[in-house]
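>>> Sequence first, then the predicted structure:
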Amino acid sequence: MAASNTGVDIGPPGPNEVLIGPNGVIMPLGKILLIRKDSDYGAIKFIKFWIGKTEYDLYAQYEAYYQDDRTGDFHNKNVKFSQGELHSPKPFFSLFGHPFAFGIKEEIKCGPIRLWWTGKGAVYFFGRAQRQGDYNIQLGPTKWTDVSQVNVSDVQLKWYRYDEKRKRMVFPIDQLWPEK
């Protein structure tokens with residue numbers, strides 16, 4: 001998983017697959033990615049991906065749910081909901097030869113948690129302004145499509161954190177865990 005916008009498709013091989021890499025996770029549209037930092041929990045779901053005028057102009061729309069009461073219960077009425085749009089337009093070169101782009105918005109906001117996005121469903125274990133590394137962020141890919149399905153205590157749920165030694169793994173989203 002490369003942290004760049006080179007025009008190369010950085011997404012998983014198929015629309016129903018999840019990629020787990022050393023520095024992030026790539027999710028398909030409509031599936032929930034859980035976030036855990038200490039005792040705080042969040043959930044994000046990408047609802048739309050699109051390309052702008054060129055293949056380098058990447059956009060996404062997402063929903064975020066944040067639960068800060070340390071219960072991880074997304075059925076409580078105190079869950080904070082938000083929506084956001086992400087932009088990674090193609091940079092152009094200024095008169096001085098430096099790359100520049102207008103309208104960059106590459107950070108997913110889920111409560112106070114900020115995670116870097118670089119196109120399609122790519123979510124990193126750190127924010128855009130942070131150096132690559134472990135910031136005690138864990139991501140849990142799920143096949144759930146609605147926040148009402150979320151159970152952060154589900155024994156089948158696997159949490160991942162930054163691990164520079166982990167090899168890239170691709171799974172069909174429906175095979176993350178077997179049906180009960």
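Here it is on my side, so go on.
>>> Dump stretch 121-132 to PDB, restricted to CA.
In PDB, the C-alpha atoms belonging to stretch 121-132 read as follows (Å, rounded to 0.1, in the frame of the first residue of the first chain):
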ATOM      1  CA  GLY A 121     -11.000   3.100   0.400                       C
ATOM      2  CA  ALA A 122      -7.400   3.500   1.600                       C
ATOM      3  CA  VAL A 123      -7.200   4.300   5.300                       C
ATOM      4  CA  TYR A 124      -3.900   4.600   7.200                       C
ATOM      5  CA  PHE A 125      -3.100   4.000  10.800                       C
ATOM      6  CA  PHE A 126      -2.000   7.600  11.200                       C
ATOM      7  CA  GLY A 127      -3.000  11.100  10.200                       C
ATOM      8  CA  ARG A 128      -1.800  13.000   7.100                       C
ATOM      9  CA  ALA A 129       0.500  15.200   9.100                       C
ATOM     10  CA  GLN A 130       2.000  12.400  11.100                       C
ATOM     11  CA  ARG A 131       5.000  10.300  10.300                       C
ATOM     12  CA  GLN A 132       4.300   6.700   9.400                       C
END
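>>> Out of the helices and strands in the protein, which is least certain?
Counting by mean pLDDT, DSSP states H and E, the chain has its least confident helix or strand at strand 99-100, which shows a mean of 46.
>>> now this protein, which segments are flagged as low pLDDT?
Along the chain, the model assigns pLDDT under 70 to residues 1-13, 89-104, 178-180.
>>> For the residue nearest the centre of it, grab phi and psi.
The geometric centre of the chain, computed from its C-alpha atoms, lies nearest to Val123 (Cα atoms, centre = their mean), at 2.9 Å. Torsion angles at Val123 (phi, psi; degrees, to the nearest 10) stand at phi -130, psi 130.
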